[in-house]
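1. Have a look at this fold, sequence not included:
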């Protein structure tokens, strides 16, 4: 084949960066693919630059003309082979994947050092790359996309510029790196990013980086990408949790300890309050159900829960059942009776153990709560799957010949009430007005003519918190008449007798009273309630 004296200039013709090379007395502009092709075939042409080698350099696989021809042939072949038309996937809404709970942590700083690096791939190809950042045990390289890279691939890296500047020939001996990740470039498809970890001894590159920093007077910028990723991930987590309608739950063994409330999941917490305004969600999350879901060795488990409540003699009774707890007839009866009520709810409860790694993250976020957080064993998520439009569908199945009393097994006791703490996701105040601590004797009178002495705990312009001297049968929304005898003595014209209040919440506490007007035992079980 005849010798060739034409210059090969691939600038703007290939998908890659071109550099000048003096080959066979001619100055050519070649990219890495063409340069490797030249060295691969020059021996086959007797060490001479001939027409066949010229054509090979002008028709590499990353040549834009060759790529266009291949794409056109593939499209024609697809049109001929496709007998059934297929729908193209709409990619306009594609978005990057966010992994919650994953925080990129580095044990050492990475430095922005841009220097040429020669890479030798396992197949013998030589690639000219640029370092984006370096550390003692890792690196990030900008490489041409025309070559094939695989995860786990071992690459030999040489640093010619650093070896020249630092007078360190060991940097040209080759350092072994393993590819950990391959990232596409969002700016141009002609190059990719390789994230690598050094294999073996790192003392050579460590000494080179330290000397480089001394020569540049520590002007190399540190790479804080890990902190940016952490801040971005936590920001998305905060936004998601704040607007999620599911309620996160935290358990110690089979006991609910904390419930995370937001404006969008507050209804789940409120639904499980009885007429006393007491939380009874602990019965929905019973110890037996949690023990079944939280068995050792399970990474995650979930179940469906059905519930409704029933009003009888001014009291609220809650019913709930999980699918594994009912046979077919019980399930059909539960659906028939429950789905006809406005209180019908369908939940999905998901439970998974809290790992030691998760606890460490929690301790870093809230070091003042190391003690309580260390006792947590599981985290759950309660989702409301109720659909009012589909609620009637539960009653379309055949109603079994079972009495309604068969559901008594799924009725929950009224006591004990939940001791879990409801934690608001946003730390903003939940009160619409200020409260003031103030203690004064009060006289509480019911509509039935019962009168009991008590003591105020705090008050606001529209509410009052009272502790009674003895138990009193009350429920939420009861109307009471409250008098303030001591305050009335201070101003006899003030309207402080028989002021109407409505009961909002009732709780039982152990209280001690020492005021002279209150003739109560030193310690007794008394109700404490808030009225407005």
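-> Perfect, I can see it now. Small disclaimer: the values here were computed from a predicted structure and weren't measured. Numbers count the residues shown, from 1 in each chain.
2. What is the burial count for residue 33?
-> Neighbours of residue 33 under the rule other CB atoms under 10 Å: 22. To be clear about C-beta, it is placed using only N, CA and C from the backbone, and glycine gets the same treatment.
3. That one contacts residue 143, correct?
-> No: the pair residue 33 / residue 143 is not scored as a contact, 11.9 Å apart, by CB atoms under 8 Å.
4. which phi and psi does the residue positioned nearest the centre of the chain have?
-> Nearest residue to the geometric centre of the chain (CA atoms, centre = their mean): residue 100, 3.2 Å. Main-chain torsions, residue 100, degrees, to the nearest 10: phi -70, psi 150.
5. residues touching it, list them.
-> With contacts defined as CB atoms under 8 Å, 6 or more residues apart in numbering, the neighbours of residue 100 are 233, 236, 237, 240.
6. separation between the second one and residue 96?
-> Taking CB to CB, to the nearest Å as the measure, residue 236 and residue 96 are separated by 11 Å.
7. now the last one
-> Summarising the geometry, the distance separating residue 240 from residue 96, computed by CB to CB, is 15 Å.
8. Phi and psi next, for residue 476.
-> phi -60, psi 140.
9. so who does residue 316 touch?
-> Taking CB under 8 Å, 6+ apart, we find residue 316 in contact with 274, 275, 309, 310.
10. Kindly apply the preceding question to residue 481 instead.
-> Counting by CB under 8 Å, 6+ apart, residue 481 makes contact with 444, 445, 446, 498, 499, 500, 501.
11. Now the two most distant members of those.
-> 446 and 499 (14.0 Å; CB to CB).
12. on that earlier part again, now for the contacts of residue 100, which sits with the most neighbours around it?
-> In terms of neighbours by other CB under 10 Å, these top out with residue 233 at 17 neighbours.
13. So residue 127: helix, strand or coil?
-> Taking DSSP: H, G, I helix; E, B strand; the rest coil as the rule, one finds residue 127 in the strand state.
14. Which parts of the stretch 151-300 of the chain are strands?
-> Here the stretch 151-300 of the chain has its strands, by DSSP state E, counting those that start in this stretch, at 154-158, 175-184, 191-198, 222-223, 247-252, 255-261.
15. Of those strands, which is nearest residue 21?
-> The minimum distance between residue 21 and these falls on strand 154-158, with 17.8 Å, by CB to CB.
16. Show me what counts as buried in the closest one.
-> Buried residues in strand 154-158, counted by 16 or more other CB atoms under 10 Å: 155, 156, 157, 158.
17. And stretch 337-356, by the same measure?
-> Within stretch 337-356, the residues that count as buried by 16+ other CB under 10 Å are 337-339, 344-347, 349-354.
18. repeat for stretch 493-507
-> For stretch 493-507, the buried set under the neighbour-count rule, 16+ other CB under 10 Å, comprises 496, 501, 503, 506.
19. Next: stretch 285-294.
-> Counting neighbours by 16+ other CB under 10 Å, stretch 285-294 gives 285, 286, 289, 290, 292, 293, 294 as buried.
20. same thing with stretch 368-379?
-> For stretch 368-379, the neighbour count (16+ other CB under 10 Å) marks 373, 376, 377, 378, 379 as buried.
21. Then stretch 386-403?
-> The neighbour-count check on stretch 386-403 (16+ other CB under 10 Å) flags 391, 394, 400 as buried.
22. Now render the residues you listed as JSON lines, adding pLDDT and secondary structure.
-> Below are the buried residues of stretch 386-403 laid out as JSON lines (pLDDT from 0 to 100; DSSP: H, G, I helix; E, B strand; the rest coil):
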{"residue": "391", "pLDDT": "92", "secondary structure": "helix"}
{"residue": "394", "pLDDT": "92", "secondary structure": "helix"}
{"residue": "400", "pLDDT": "90", "secondary structure": "coil"}
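23. Can I get these in a markdown table including distance to residue 415?
-> As requested, these are arranged in a markdown table below (distance: CB to CB, whole Å):
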| residue | distance to residue 415 |
| --- | --- |
| 391 | 30 |
| 394 | 30 |
| 400 | 31 |
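24. Check the buried residues of stretch 368-379 and tell me the two furthest apart.
-> Farthest pair in the buried residues of stretch 368-379 (CB to CB) is 373 and 378. Separation: 12.9 Å.
25. ranges for the helices of the stretch 101-250 of the chain?
-> Applying DSSP state H, counting those that start in this stretch to the stretch 101-250 of the chain gives helices spanning 160-166, 203-215, 225-243.
26. export those to JSON lines and tack on distance to residue 417?
-> Shown next, in JSON lines, are these (distance: least, CB to CB, whole Å):
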{"stretch": "helix 160-166", "distance to residue 417": "69"}
{"stretch": "helix 203-215", "distance to residue 417": "61"}
{"stretch": "helix 225-243", "distance to residue 417": "26"}
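27. Select, out of those, the one closest to residue 461.
-> It's helix 225-243; of the helices of the stretch 101-250 of the chain, that one is closest to residue 461 (CB to CB) at 30.3 Å.
28. for that closest one, the distance to its chain's centre please.
-> Centroid displacement of helix 225-243 relative to its chain, using CA atoms, centre = their mean, to the nearest Å, is 8 Å.
29. do the same with stretch 244-257
-> That offset, for stretch 244-257, works out to 15 Å (CA atoms, centre = their mean).
30. buried set for it?
-> Residues 244, 246, 247, 248, 249, 250, 251, 254, 256, 257 are the ones in stretch 244-257 that count as buried (16+ other CB under 10 Å).
31. For the second one, which residues are in contact?
-> Going by CB under 8 Å, 6+ apart, residue 246 touches 265, 381, 382, 383, 384.
32. Show me those residues that map onto helices.
-> Judged by DSSP state H, helices contain none of these.
33. Farthest-apart pair in those residues, please.
-> Based on CB to CB, the longest span within the contacts of residue 246 runs between 381 and 384 and measures 11.1 Å.
34. Between the buried residues of stretch 368-379, which sits nearest residue 201?
-> residue 373 (40.7 Å).
35. okay, now the domains of the chain?
-> 1-77, 110-223, 243-424, 436-531 (automatic domain parsing).
36. Could you pull up the mean pLDDT of the shortest one?
-> Model confidence over domain 1-77 averages 85 on the pLDDT scale.
37. just stretch 493-505 next, same as before
-> Mean predicted confidence for stretch 493-505 is 88.
38. How about residues contacting it?
-> Contact with stretch 493-505 is made by 276-278, 445, 463-464, 474-484, 487-488, 529-532, as judged by CB under 8 Å, 6+ apart.
39. Can you turn the buried part of these into a ChimeraX selection?
-> Command for ChimeraX that selects the buried part of the contacts of stretch 493-505, burial taken from 16+ other CB under 10 Å:
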select :276,277,278,463,464,474,476,478,480,482,483,484,529,530,531
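40. can you confirm residue 361 is in a helix?
-> Yes: according to three-state DSSP, residue 361 belongs to a helix.
41. Touching, it and residue 233? I think so.
-> No: if you go by CB under 8 Å, residue 361 and residue 233 don't touch, sitting 11.4 Å apart.
42. thinking again about what came up before, please flag which of the buried residues of stretch 285-294 sit within helices.
-> 289, 290, 292, 293.
43. Farthest pair within those residues?
-> 290 and 292 (7.3 Å).
44. Okay, now the unreliable bits of this structure?
-> 1, 80-89, 104-107, 109, 186-188, 217-223, 427-431, 508-532 (pLDDT under 70).
45. neighbours around residue 169, how many?
-> Residues lying near residue 169 (other CB under 10 Å) number 9.
46. For it, list the residues it contacts.
-> Residues near residue 169 by CB under 8 Å, 6+ apart: residue 163.
47. start the count at 32, not 1, going forward
-> Will do, 32 is the new start, and the previous item becomes residue 200.
48. mind checking how far it is from residue 193?
-> 11 Å.
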